[in-house]
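Q: 3D, please:
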Amino acid sequence: MITPFGKSAHMFKEMANDLSFQDKDIIIVHSSDLHMDHDYTARLHGGDGTAGLAAVLTAAQRLRADVLVLAGDTFDCHRLPIELLDRVAGLISSAAVPVVLLPGNHDPLVAGSVYHHEGLARAANLHVLGLTSDEGVLFTDLSLEIWGRPHRDYADMIPLERPRPRSARWQIALAHGHYVAVPDRSSRLRPSWLIGDDELAATGADYIALGHWNRPAKVGGVAAYYSGSPEYAGTVNVVRLNAAGNVEVRRAELDIAREPSALV
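A: This is a model prediction of the structure:
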């Protein structure tokens, strides 16, 4: 099922075999904040901390996504069992979709991070921004560039600092942080990793995939969206880059256990 973000979104229908989705159109599935672990998230799924990823990958394949983007906090931390990382690597490697992953504040790109796990390093369809590529990945067959600044430590940073010049027809920016229309970075008593309206607009991107919020939301005056965490939102964002140059955004429901607080 597809549900709209709001009145500003374009209308289109999702069907399992929708013939209107022509090959020249591009489908991106956007999720974030999976927080895979062997503790809290795992308990939501009967002990399987990778169940959220499995649900997102299943949805991406069902929706015939060209690319799946994960906008930060894919892992809850770097202190995870090897068995869990093996399952993650297996799920991603066996998925028929490229995955572009942005390290977030919970899983920054530090020495000894989960991203150096042997199985993940061998996953040919996994692109970790800042590690397997620079801060951008170019899909030449789609004329699509996806970029983002990874968290490289646990300190504060500006997620959309130094926008990347466009090198393809389509550009998607990934950022993990807290949206405030006009950020005030002069005070220490504030959420870190702030993202403001001017920074969103300066990217010039066709779509900005945001992470850090559990709930889905559109923010700012451009096409900037939080997907929300799978267990809280119960959905992923579906972005259609139309051959006519339009960007259409919807949410597709997941078959997933839900966060109890989301159901109240």
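Q: which parts of this structure are helices?
A: For the chain, applying DSSP state H gives helices covering 40-44, 51-62, 82-94, 118-122, 197-203, 230-233.
Q: nearest to residue 220, out of those helices?
A: Evaluated with C-beta to C-beta, the helices of the chain place helix 197-203 nearest to residue 220, the distance being 4.4 Å. Placement of C-beta: from N, CA and C, glycine included.
Q: what about the closest one, average pLDDT?
A: The pLDDT scores in helix 197-203 average 98.
Q: re the thing from before, would you list the helices of the chain in CSV and tack on distance to residue 210 and mean neighbour count?
A: Putting those into CSV (distance: least, C-beta to C-beta, whole Å; neighbours: other C-beta atoms under 10 Å) gives the following:
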stretch, distance to residue 210, mean neighbour count
helix 40-44, 20, 17
helix 51-62, 16, 21
helix 82-94, 22, 17
helix 118-122, 23, 14
helix 197-203, 9, 18
helix 230-233, 13, 24
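Q: now the ones you listed in CSV, with distance to residue 73?
A: As requested, the helices of the chain are exported to CSV (distance: least, C-beta to C-beta, whole Å):
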stretch, distance to residue 73
helix 40-44, 11
helix 51-62, 11
helix 82-94, 14
helix 118-122, 16
helix 197-203, 20
helix 230-233, 11
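Q: to residue 224, which of the ones you listed lies closest?
A: Between those, helix 197-203 lies closest to residue 224; by C-beta to C-beta that is 4.8 Å.
Q: contacts for the closest one?
A: Contact partners of helix 197-203, identified using C-beta atoms under 8 Å, 6 or more residues apart in numbering, comprise 158-161, 163-164, 171, 173, 181-183, 208, 219-222, 224.
Q: filter the residues you listed down to the buried ones.
A: Buried members of the contacts of helix 197-203, counted by 16 or more other C-beta atoms under 10 Å: 158-160, 163-164, 171, 173, 183, 208, 219-220, 222, 224.
Q: going along the chain, name the strands of the stretch 1-150 of the chain.
A: Along the stretch 1-150 of the chain, the stretches classed as strands by DSSP state E, counting those that start in this stretch are 2-3, 26-31, 67-70, 99-101, 126-128, 136-139, 144-148.
Q: just so I know, which of the ones you listed lies nearest residue 214?
A: Ranking those by distance to residue 214, with C-beta to C-beta as the measure, places strand 26-31 first at 11.9 Å.
Q: list the buried residues in the closest one.
A: If you call a residue buried by 16+ other C-beta under 10 Å, then strand 26-31 has these buried ones: 26, 27, 28, 29, 30, 31.
Q: returning to that earlier point: and the strands of the stretch 1-150 of the chain as JSON lines, adding distance to residue 263 and mean pLDDT?
A: Putting the strands of the stretch 1-150 of the chain into JSON lines (distance: least, C-beta to C-beta, whole Å; pLDDT from 0 to 100) gives the following:
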{"stretch": "strand 2-3", "distance to residue 263": "16", "mean pLDDT": "47"}
{"stretch": "strand 26-31", "distance to residue 263": "19", "mean pLDDT": "98"}
{"stretch": "strand 67-70", "distance to residue 263": "24", "mean pLDDT": "98"}
{"stretch": "strand 99-101", "distance to residue 263": "28", "mean pLDDT": "98"}
{"stretch": "strand 126-128", "distance to residue 263": "32", "mean pLDDT": "97"}
{"stretch": "strand 136-139", "distance to residue 263": "36", "mean pLDDT": "96"}
{"stretch": "strand 144-148", "distance to residue 263": "31", "mean pLDDT": "98"}
